[in-house]
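Novice: output the structure for:
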Amino acid sequence: MRPVRCPLGLTLFASIFFAAGAAMAQEATVAPPAAMVLENVPPIRASLAAQVAKYNEFKPTSYAAWHPTKLEMIVSRRHNNTPQLFRVAKPGAPLELMTDYAEPVRSAQYEPRQGKFYVFGRDSGGNEVFRAYRRDVGMKASSQEAIPITPDNRRVQDTAWAKKSGRLLYVTVPVGRQGSNDQINSTISIVDPAQPEQARVLAELPGGGWGSFSFSQDDKQLAYLEYVSANETYLWLMDVASGKSRLLTQKGGEKVAYSDPVFSRDGKGVYTTSDRGSEFRRLVYLDLASGKETVLTPDINWDIDEIDLSDDGRLLAFVANEDGSSVLRMMSTRDHKQLAQPKLPMGVIGRIEWHRNSRNLALSLSSARSPSEVYSVDAKTGAVTRWTQHEKMDVDMNRFVEPSLVRWKSFDNRSISGFVYRPDAAKFPGKRPVMINIHGGPEGQSTPGFLGRNNYYTDEMGLIVIYPNVRGSTGYGKSFLKLDNGKLREDSVKDIGALLDWIATQPDMDAARVAVAGGSYGGYMTLAVSTMYADRIAAAVDIVGISNFVTFLERTESYRRDLRRVEYGDERDPDMRKWMEATAPANNAAKIKKPLFVVQGKNDPRVPWQEADQIVATVKKNGTPVWYMTANDEGHGFGKKANADYLFYSTIDFFNTYLLK
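Specialist: I've put the predicted structure just below:
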């Protein structure tokens, strides 16, 4: 069947046919978005779209920035088709639209002294070539004017404010796939956003793994990270005046992962997280003169995911990842004693940041029954204040399924865990079909957050949904994180094989009706499961997944290629290349016997579209049913609501056809 390009038109249309003198109405269908290309994907019935509609209107809200002098903030929430920026003047106040672009805008930073303007990033069509722009406070959202402050056709990797001078540091890398052996540099620049043409280059650093830049209080020093892999990072110190740097943490010996460096108030040390001598990243203080690391959280045997230091230097806020759930804590820097723990709802915390008053801490938080909302914590009183409230919905979120944490033994007797969302047994009795949804990364983690539209699977279709954390996932120690590197790759796939065994022992799960799905690395896992366990699944959904690590590494953007080689292996090594080719799903696609749905963004800089094309072409030759959806205005996943909605309708149809039959 030829790909069908869908023109702009009404979202719903109906055709009525008359035959043999009797009228027969053909059900109305939903027109796909204009930039979507479909192959073998059936038309979407309007009745299905209507039924699903109430699950498509969630608007998670994320914290973006505090105003430096007022107790107000910027948040990000969907407006029409994409996330945009909003001002919140006070807790519970109506959201005031600040930007209105066709492309998503998810983050912003106020100018740190008076807040007269803000800086935000935006890409085009999901290509992730982010550019930083300046907009004055008070500019109408309808105005498309914004002043670019970083170069065109270079990706902004990181930014950091020098709070005393009001200058902005930014890190850029070149873009464009130039072949597997191309070498790149990261350019470190500093600029007054009011005079972007006068930017000064501080340094050129080799490779694309430089980030987490943080200024000292006097703007004279920069702490930053050299990222080699999830298990290996190094801390550096730069003199801003000269651009000269020195390594703070030694290379050689134990490989250590650092993150989130922030200077102490006096500039004599850096607070950061480190897994030196530990399975987990702990909060530490690094003395710049001696190089000594002092562990501040020796009793917390979980990763510290986020840290921030109050402007007066007296309080550290940090988030511990405890089996996937977030726990916020605060600590005095004077005596390293923890304050009373804030009483927040149980859930998953996003970014945290202190207001410059050193009293109010902002954060985003989601749970199984609430999309992400923005809160603040008063460090003096312990009071928790909710700043945003979701709009009223036609669906009762308080009835959404809460997950249970389960564990199973894998092939090597290692314990693997995941979160299971079960439908109402009274409404859906007996053995139920199962969907296994595998996270990306692979250095990622499934957490018990808000499922959004995916609640439809449990609420309306009666599916049991499992989110596994196979080996290689973060949050379970650095040894667990390394268990899938290089030629150990298929061991993580075997963890799903062990999960299939576990499913067969569960009285409420139908082992004959199991689908596997995932995006990015989870897409690779989906394809690998489809080849290794073809007779044990009913269907598979691969979203922006890797089908061959050789072709993936040769085509992924140059700024990230070396970083991925550490995880997956170096395709330039003949022995590794041979192993990659032998195990590639694209080269084993003859084993895929169950229906496959492949989804891809044409502008994806991480997993290029050719990865999807080659798996689709190969599987089709076998006569296996393949649905193929490409969006020409998307990248690594669908960020525009219209595209995401249509993908969801089609996925429901796919499961109705091949899983619930």
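
Novice: alpha carbons only for contacts and neighbour counts from here, please
Specialist: OK.

Novice: ok, longest helix in the protein?
Specialist: helix 641-658 (DSSP state H).

Novice: distance from the chain centre to that one, please.
Specialist: 21 Å (CA atoms, centre = their mean, to the nearest Å).

Novice: if we ignore the residues flanking it in sequence, what's nearest residue 343?
Specialist: residue 384 (7.1 Å; CA to CA, 6 or more residues apart in numbering).

Novice: from residue 29, how far out is the one you found?
Specialist: Taking CA to CA, to the nearest Å as the measure, residue 384 falls 46 Å from residue 29.

Novice: what's the average pLDDT for stretch 113-125?
Specialist: Stretch 113-125 carries an average pLDDT of 95.

Novice: any regions of this protein where pLDDT drops low?
Specialist: 1-25, 177-181 (pLDDT under 70).

Novice: sec struct for residue 382, please.
Specialist: coil (DSSP: H, G, I helix; E, B strand; the rest coil).

Novice: number of residues surrounding it?
Specialist: 16 (other CA atoms under 10 Å).

Novice: surely it touches residue 342?
Specialist: Yes - using CA atoms under 8 Å, residue 382 is in contact with residue 342, at 5.8 Å.

Novice: wait, a strand at residue 49?
Specialist: No - membership of residue 49 in a strand is not supported by three-state DSSP, which gives helix.

Novice: residues touching it, list them.
Specialist: 30, 649 (CA atoms under 8 Å, 6 or more residues apart in numbering).

Novice: spit out the contact partners of residue 475.
Specialist: Contacts of residue 475 by CA under 8 Å, 6+ apart are 280, 302, 303, 321, 322, 323, 324, 445.

Novice: ok, it to residue 159 distance?
Specialist: For residue 475, the distance to residue 159 - CA to CA - is 26 Å.

Novice: try residue 132
Specialist: Residue 132 is 9 Å from residue 159, by CA to CA.

Novice: for the chain, which strand is longest?
Specialist: For the chain, the longest strand by residue count, based on DSSP state E, is strand 509-519.

Novice: for that one, packing partners?
Specialist: On a contact count with 3 or more CA pairs under 8 Å, 6 or more residues apart in numbering; DSSP states H and E, strand 509-519 meets strand 432-438, helix 489-504, helix 521-532, strand 539-543.

Novice: which among those is found nearest to residue 371?
Specialist: Of all the helices and strands packed on strand 509-519, the one in closest proximity to residue 371, counting by CA to CA, is strand 432-438 (19.1 Å).

Novice: now for the following helix or strand past that closest one, which elements pack on it?
Specialist: Next along the chain after strand 432-438, taking DSSP states H and E as the criterion, comes helix 455-459. The contact analysis (3+ CA pairs under 8 Å, 6+ apart) places helix 455-459 against strand 464-469.

Novice: contact partners of the strand it packs on?
Specialist: By CA under 8 Å, 6+ apart, strand 464-469 touches 416-423, 432-439, 445-446, 457-458, 509.

Novice: ok, then the element right after that strand?
Specialist: Moving toward the C-terminus from strand 464-469, the next element (DSSP H and E) is helix 478-481.

Novice: what residues sit buried inside that next one?
Specialist: For helix 478-481, burial by neighbour count (16 or more other CA atoms under 10 Å) applies to 478, 480, 481.

Novice: returning to that earlier point: return the set of buried residues in the longest helix of the chain.
Specialist: 641-655, 658.

Novice: related to what we said a few turns ago, turn the helices and strands packed on strand 509-519 into TSV, including distance to residue 471 and mean neighbour count.
Specialist: Below are the helices and strands packed on strand 509-519 laid out as TSV (distance: least, CA to CA, whole Å; neighbours: other CA atoms under 10 Å):
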stretch	distance to residue 471	mean neighbour count
strand 432-438	12	25
helix 489-504	5	20
helix 521-532	12	26
strand 539-543	20	27
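
Novice: can you tell me the SS state at the residue lying closest to residue 69 once chain neighbours are set aside?
Specialist: In this structure, residue 69 finds its nearest non-sequential neighbour in residue 114, 6.4 Å apart by CA to CA, 6+ apart. Using three-state DSSP, the secondary structure recorded for residue 114 is coil.

Novice: wait, residue 114 touches residue 70, no?
Specialist: No - if you go by CA under 8 Å, residue 114 and residue 70 don't touch, sitting 9.2 Å apart.

Novice: joint contacts of these two?
Specialist: With CA under 8 Å, 6+ apart, residue 114 and residue 70 have no common neighbours.

Novice: phi and psi next, for residue 31.
Specialist: Dihedral angles phi and psi of residue 31 (degrees, to the nearest 10) take the values phi -70, psi 130.

Novice: okay, now it: neighbour count?
Specialist: Using other CA under 10 Å, residue 31 has 19 other residues around it.

Novice: any idea how far it is from residue 631?
Specialist: In terms of CA to CA, residue 31 sits 14 Å off from residue 631.

Novice: one more: residue 256?
Specialist: 40 Å.

Novice: got it, and residue 32?
Specialist: 10 Å.

Novice: can you give me the helices for the stretch 1-150 of the chain?
Specialist: Taking DSSP state H, counting those that start in this stretch as the test, the helices found in the stretch 1-150 of the chain are 46-52.

Novice: got the residue ranges for the strands in it?
Specialist: Along the stretch 1-150 of the chain, counting by DSSP state E, counting those that start in this stretch, strands occupy 4-5, 12-19, 22-30, 36-39, 44-45, 62-66, 73-79, 82-88, 96-97, 108-110, 117-122, 131-136, 147-148.

Novice: who are the packing partners of the last one?
Specialist: What it means is strand 147-148. strand 131-136.

Novice: what residues does the strand it packs on touch?
Specialist: By CA under 8 Å, 6+ apart, strand 131-136 touches 116-123, 145-152, 154-156, 193.

Novice: filter these down to the buried ones.
Specialist: Buried among the contacts of strand 131-136 (16+ other CA under 10 Å): 117-123, 147-150, 154-156, 193.

Novice: tell me the one of the residues you listed nearest residue 530?
Specialist: residue 123 (33.8 Å).

Novice: OK, contacts around the nearest residue to the closest one once chain neighbours are set aside?
Specialist: In this structure, residue 123 finds its nearest non-sequential neighbour in residue 130, 4.5 Å apart by CA to CA, 6+ apart. Residues near residue 130 by CA under 8 Å, 6+ apart: 121, 122, 123, 124, 154, 155, 156, 157.
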